[in-house]
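Q: fold the following.
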Amino acid sequence: MPRICRALPLLFLGLVPLAAQEVLRGEVSIELEPVYGAFIDAEYPLEADTVRRRALEEAAMFYSAMIYGWSFRYDIGEKARSIAEELELVPAGLISFGDPGLRATDAEVRDMRLRLWTDYRLTEAQQHRMRMWRSGTIRHAQAVGYGPLGEPRRMDDWMSIRKAGLEDAARAAIRAMLRGSERNRPKEAAGFICLSVFPRYFMDGGRWAAAARFRVEITEITPFAAY
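A: Residues are numbered from 1 along each chain as shown. A predicted model of the protein is given here:
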């Protein structure tokens, strides 16, 4: 633990005052001695550089989901007709690790977790996208999704668990929205969805769960009668 605490100031090297422009803000929480399902992480405990990278990569993923979101096509599925439930999510854009708009601002180690607050400065084009997401045609939904069990051996494996949980929460949110708004169960739906705020991750029954809120625009609904 002391080794990690001493290295935390490295997170803030190169920070500059934020310009007077729209800024998104969110907190990520990284386990310093993580356990995934029945497995201990390959690196145990985590080195400071690994903690730093995980925190900023996770923040970049969330800001991507907030600013750009996904287009989606969702087949709601029906067991009685042997139709599998399936969600196709296509990212509309990506914010990568190292993006100049992403900044770490505050950090705290508590309960064996690094809690890192981050800011993201929006470009003019990104501000335009956020105005679209906040328009009157967008509806709000929230749900809990689940990531797979497993032992992450590489950074991309660890991120895939977080990503899978978030995408499953998006699926559950779209399903709940359709269930609440459609009198008759549809065959499928299409539209756009984005993350509203940073999600919260927690362990539930040995799996990682993501509780998330979304903005959703459904542009097409196909009833079963069309088939």
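Q: from residue 172, how far off is residue 68?
A: Distance from residue 68 to residue 172, counting by CB to CB, to the nearest Å: 21 Å. For every residue, glycine as well, the C-beta is placed using N, CA and C.
Q: wait, residue 105
A: Taking CB to CB, one finds residue 105 at 31 Å from residue 172.
Q: between those two, which has more neighbouring residues?
A: Taking other CB atoms under 10 Å, residue 105 and residue 172 do not tie; residue 172 has more neighbours (20 against 15).
Q: bridged to the closest residue to the more buried one other than its chain neighbours, which residues?
A: Excluding the flanking residues, the one nearest residue 172 by CB to CB, 6 or more residues apart in numbering is residue 143, at 3.5 Å. Beta-bridge pairing for residue 143 (DSSP bridges): residue 212.
Q: ok, residue 190 next?
A: Where residue 190 sits in a bridge, its partners, by DSSP bridges, are residue 73, residue 220.
Q: number of nearby residues for it?
A: Residue 190 - counted by other CB under 10 Å - has 14 other residues nearby.
Q: quick one: low-confidence parts of this protein?
A: 1-20, 34-44, 79-82, 149-156, 180-183, 224-227 (pLDDT under 70).
Q: all strands of it, in order?
A: 23-31, 35-36, 39-40, 70-75, 86-91, 102-110, 113-121, 139-146, 186-195, 200-204, 207-223 (DSSP state E).
Q: other SSEs contacting the last one?
A: Using 3 or more CB pairs under 8 Å, 6 or more residues apart in numbering; DSSP states H and E as the contact criterion, the secondary-structure elements in contact with strand 207-223 are strand 139-146, helix 155-181, strand 186-195, strand 200-204.
Q: the first one too?
A: Based on contacts counted as 3+ CB pairs under 8 Å, 6+ apart, the elements that strand 23-31 packs against are helix 48-67, strand 113-121.
Q: which residues does that strand contact?
A: 46, 51, 54-55, 58-59, 62-63, 66-67, 105, 112-122, 197-198, 201 (CB atoms under 8 Å, 6 or more residues apart in numbering).
Q: equivalent analysis for the fourth one, please.
A: For strand 70-75, the external contacting residues (CB under 8 Å, 6+ apart) are 83-92, 170-171, 174-175, 178, 187-194.
Q: report the buried residues of it.
A: For strand 70-75, burial by neighbour count (16 or more other CB atoms under 10 Å) applies to 70, 72, 74-75.
Q: any idea which of the residues you listed is closest to residue 132?
A: Distances from residue 132 to the buried residues of strand 70-75, taken as CB to CB, are shortest for residue 70 (14.1 Å).
Q: gap between the closest one and residue 117?
A: The span separating residue 70 from residue 117 equals 25 Å under the rule CB to CB.
Q: go on, residue 90?
A: Distance from residue 90 to residue 117, by CB to CB: 30 Å.
Q: which one of these two has more residues nearby?
A: Set residue 90 next to residue 117 and count neighbours by other CB under 10 Å: residue 117 wins out with 16 against 10.
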